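In: What follows is a predicted structure for the sequence shown.
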Amino acid sequence: MEQIAITSRIAIRVETIWNAYNSVEDIMQWNHASDDWHCTSSINDLRIGGKFINRMEVKDGSFGFDFEGIYTELIPFKKIAYTMTDGRKAEVNFEAHESYTNILVRFEPELENPIEMQREGWQAILSNFKKYVESVYTV
């Protein structure tokens, strides 16, 4: 299956990026595609075979869903791979540089929504992550 790729360059060291990407307190601050959504809960068992569940809801309470998966590969500060509950695979690569980190996310698309819509949604979440960490963790 063809994968969708999204990227972001963040002006923060990889150790900080990694921790903010995986801390449930941080996840609940950045894990939404637009301002009318929010992440109401997060569970993250960051180990191979461990599970994550992020609850995403419209702020008006009209709709919500759990985004969840099982970790299949972990290389600290470099790579996270997981399989979503519907069997699709995704991976997040962290490329460390002296003064910034590149994040590359690749994921298999689902069949219900157009590819471009999925790319835009995942990119919006990654952009929220960048905005969040640069506002909270920049010295």
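Out: That came through, no problem.
In: CA only for contacts and neighbour counts going forward, please
Out: Fine.
In: Restricting to C-alpha, output stretch 16-28 in CSV.
Out: Only the C-alpha atoms of stretch 16-28 are listed here, as CSV (Å, rounded to 0.1, in the frame of the first residue of the first chain):
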residue,chain,number,x,y,z
THR,A,16,13.1,17.6,23.8
ILE,A,17,11.1,16.8,20.7
TRP,A,18,11.1,13.1,21.5
ASN,A,19,9.9,13.7,25.1
ALA,A,20,7.2,16.1,24.1
TYR,A,21,6.0,13.8,21.3
ASN,A,22,5.6,10.9,23.8
SER,A,23,4.5,12.6,27.1
VAL,A,24,0.8,12.2,27.7
GLU,A,25,0.6,15.7,29.3
ASP,A,26,2.2,17.2,26.1
ILE,A,27,0.2,15.0,23.7
MET,A,28,-3.1,16.4,25.1
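In: what residues does that stretch touch?
Out: The contact list for stretch 16-28, computed with C-alpha atoms under 8 Å, 6 or more residues apart in numbering, reads 38-44, 46, 76-77, 94, 101, 129, 133, 137.
In: ok, now which ones touch the most centrally placed residue in the chain?
Out: Against the mean C-alpha coordinate of the chain, by C-alpha atoms, centre = their mean, the closest residue is L126 at 6.3 Å. Contact analysis of L126 by C-alpha under 8 Å, 6+ apart lists 7-8.
In: What distance do you get for it to V133?
Out: When distance is defined by C-alpha to C-alpha, to the nearest Å, L126 is 11 Å away from V133.
In: about what we covered before: among the contacts of stretch 16-28, which ones are in helices?
Out: Using DSSP state H, the subset of the contacts of stretch 16-28 located in helices is 129, 133.
In: got a winner among the contacts of stretch 16-28 for most neighbours?
Out: Neighbours were tallied for each of the contacts of stretch 16-28 (criterion: other C-alpha atoms under 10 Å), and the maximum of 24 neighbours falls on F129.
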